[in-house]
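Asker: next one to model:
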Amino acid sequence: MSKVCLITGATAGIGQAAAIALAEPKYDFHLVIVGRNEERCQNTVSLIKQKHKDASVDYLVADLSSYKQVIKLASDFQSKYDQLDVLINNAGAIFFSHKLSEDDLEMTWALNHFGYFWLSLALCDLLKKSAPSRVINVSSAAHRRAFIPSFDNLGKERNQTGYPTYGNTKLANIWFSKELHKRLFASGVCVNSMHPGVVATNFGSDNGLFGNLFRAAASLFWVPVEEGATTVIYLATSPEVVGVSGEYFEKEKICKPSKLALNDEMAAALWQKTQEITDSLK
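Answerer: Predicted coordinates for the structure are as follows:
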């Protein structure tokens, strides 16, 4: 049977570019793409089929900022598939105004961090069963400007949004990857995080004036989505990274993240606090 790859945030940007590439027959993947809009999922499946007529691809719909929907997504996936070779946590966004998820979490945190945590843990047993398997968490170089003094108000911040919060969630992606690596590596599951580059997507476009200003500034450094997806594809497919885990990648190379990202105590504290909040939602 083909390997099974689940990729979130796959209806646009980096996720869509990666999905199209991973559908190439040489990779022998059955792709399951995840988006929050069924029509966009269907359009992406059609686009993949246009590029690769024999592609094996399916989709599931979920809002990954919602704990209930993430758990249903994992359940629906496991009812259809008995293996998961590659999980790509890619769905993410930036919000310039304060917005809460249905679980009363600040939306950037809910989608960019909690969504990764919830889905990975819900599929943990299947990843172990499918070992050697891989988890790829899309982070960002924005983590280098992040600062999180404590987790007392994790996901409950009222006075900080926009780029600072986004950077903090991207730092959280690296910490989460390090902790997940520690828990899964002995089972044959490799976990890595990565920076895709500043990519030309619709990122930040749903935030009015501030979103447009952010996009205008970022466009000076943008790279095409296909280029941004290369490290995702590399981590999902390359034999060079077999057995490589707990690392942070840029441009298909292991790269040293920020000093704060290497703080194991903070990584462990983030996991504990995230688990406490998650338990309160059950």
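
Asker: going by C-alpha atoms from here, please, whenever you check contacts or count neighbours.
Answerer: Noted.

Asker: pLDDT below threshold where in the chain?
Answerer: 1, 158-161, 198-226 (pLDDT under 70).

Asker: how about the strands in it?
Answerer: 3-8, 29-35, 56-61, 86-89, 133-138, 189-195, 248-250, 253-254 (DSSP state E).

Asker: any chance of those strands in JSON lines, with mean neighbour count and distance to residue 121 too?
Answerer: Conversion of the strands of the chain to JSON lines gives the following (neighbours: other CA atoms under 10 Å; distance: least, CA to CA, whole Å):
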{"stretch": "strand 3-8", "mean neighbour count": "23", "distance to residue 121": "14"}
{"stretch": "strand 29-35", "mean neighbour count": "23", "distance to residue 121": "17"}
{"stretch": "strand 56-61", "mean neighbour count": "19", "distance to residue 121": "18"}
{"stretch": "strand 86-89", "mean neighbour count": "26", "distance to residue 121": "11"}
{"stretch": "strand 133-138", "mean neighbour count": "27", "distance to residue 121": "11"}
{"stretch": "strand 189-195", "mean neighbour count": "27", "distance to residue 121": "12"}
{"stretch": "strand 248-250", "mean neighbour count": "22", "distance to residue 121": "20"}
{"stretch": "strand 253-254", "mean neighbour count": "14", "distance to residue 121": "25"}
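
Asker: adding distance to residue 109, write those strands out as TSV.
Answerer: What follows is the strands of the chain, written out as TSV (distance: least, CA to CA, whole Å):
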stretch	distance to residue 109
strand 3-8	16
strand 29-35	18
strand 56-61	20
strand 86-89	14
strand 133-138	14
strand 189-195	17
strand 248-250	20
strand 253-254	26
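
Asker: quick one: closest of those strands to residue 166.
Answerer: Evaluated over these, closeness to residue 166 peaks at strand 133-138, with 12.7 Å, by CA to CA.

Asker: and that closest one, what does it pack against?
Answerer: Judged by 3 or more CA pairs under 8 Å, 6 or more residues apart in numbering; DSSP states H and E, the packing partners of strand 133-138 are strand 86-89, helix 162-184, strand 189-195, helix 230-237.
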